[in-house]
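Trainee: structure of the sequence below:
(chains A and B)
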Amino acid sequence: TQLLEQSPQFLSIQEGENLTVYCNSSSVFSSLQWYRQEPGEGPVLLVTVVTGGEVKKLKRLTFQFGDARKDSSLHITAAQPGDTGLYLCAGVATGRRALTFGSGTRLQVQP
Amino acid sequence: DTGVSQDPRHKITKRGQNVTFRCDPISEHNRLYWYRQTLGQGPEFLTYFQNEAQLEKSRLLSDRFSAERPKGSFSTLEIQRTEQGDSAMYLCASSLEGLRPEAFFGQGTRLTVV
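Mentor: Numbering: from 1, shown residues only, chains lettered A, B, ... in the order given. Take a look at the predicted model:
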């Protein structure tokens, strides 16, 4: 079973639409990271959320960390074709050392 | 510093051959990770080093896989007697021990076993 569950797995939307990606777990995380990955490349770090209830904004992207530090969401406003890619959440669960990834959400934004 | 560097970017090998990949982390980072990623999936953890010590290995890491990080700098991942199921993207990441455990990734090595 996945420690981090992402939903949806795949999302195809039109340019200008809004979307939300979810990352859920039954485990507590000291922090969660969101990455974006393009085909044939390594994941690129977008943001780290550390405090329960924290909200961070990165231009049109809004990241939220759940109060209990077990879940996170990524909201994109007015999506653009350049937002197309694989979005991954990752974190180190309490008591563990390795960074664990969700299975990813593949986003396709049609012009 | 140019970030995490992996070599080679692509490797095609025949089944049964041995392959070795190299990762050069960000210079001040003391933690180094290896991951494997297959198409449409998130990266799967393989192993983790803190300085030169290999502190954790996944059950995914069979006897044919070995990783080293001599002197706590670059790392190598060797796969012996490759199988077609080993075909994947192998990703290396590094981070600095502390309150903010962000990991930064290299561009990966794409392995194809034919």
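Trainee: ok, residues contacting the least confident helix or strand in chain B by mean pLDDT?
Mentor: Every helix and strand in chain B was compared by mean pLDDT, DSSP states H and E; the lowest is strand B:53-57, with a mean of 91. Strand B:53-57 has contacts (Cβ atoms under 8 Å, 6 or more residues apart in numbering or on different chains) with A:97, A:98, B:46, B:47, B:48, B:49, B:67, B:68, B:69. C-beta: built from backbone N, CA, C; applies to glycine.
Trainee: so what's the fifth one up against?
Mentor: Taking Cβ under 8 Å, 6+ apart as the criterion, residue B:48 is in contact with A:97, A:98, B:31, B:32, B:33, B:34, B:54, B:55, B:56, B:57.
Trainee: I'd say residue A:81 and residue A:110 touch.
Mentor: Yes - if you go by Cβ atoms under 8 Å, residue A:81 and residue A:110 touch, sitting 7.3 Å apart.
Trainee: identify the contacts common to these two.
Mentor: Joint contacts of residue A:81 and residue A:110 (Cβ under 8 Å, 6+ apart) are residue A:15.
Trainee: surely residue A:82 is within a helix?
Mentor: Yes - if the criterion is DSSP: H, G, I helix; E, B strand; the rest coil, then residue A:82 is within a helix.
Trainee: all strands for chain B, in order.
Mentor: Listed in chain order, the strands of chain B (DSSP state E) span B:5-7, B:10-13, B:19-24, B:31-37, B:44-50, B:53-57, B:65-68, B:75-79, B:88-95, B:104-105, B:109-113.
Trainee: now do the shortest one: distance to the chain's middle.
Mentor: Relative to the chain's own centre, strand B:104-105 is displaced by 11 Å; criterion: Cα atoms, centre = their mean, to the nearest Å.
Trainee: briefly note if it comes near chain A.
Mentor: Yes - under the criterion of Cβ under 8 Å from any Cβ of the partner chain, chain A is reached by strand B:104-105 at B:104, B:105.
Trainee: re earlier: a markdown table for the contacts of strand B:53-57, including pLDDT?
Mentor: As requested, the contacts of strand B:53-57 are exported to a markdown table (pLDDT from 0 to 100):
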| residue | pLDDT |
| --- | --- |
| A:97 | 76 |
| A:98 | 80 |
| B:46 | 94 |
| B:47 | 95 |
| B:48 | 91 |
| B:49 | 94 |
| B:67 | 96 |
| B:68 | 96 |
| B:69 | 96 |
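Trainee: nearest to residue A:45, of those?
Mentor: Among these, residue A:98 lies closest to residue A:45 (Cβ to Cβ), at 16.5 Å.
Trainee: the closest one in helix, strand or coil?
Mentor: With three-state DSSP as the basis, residue A:98 sits in coil.
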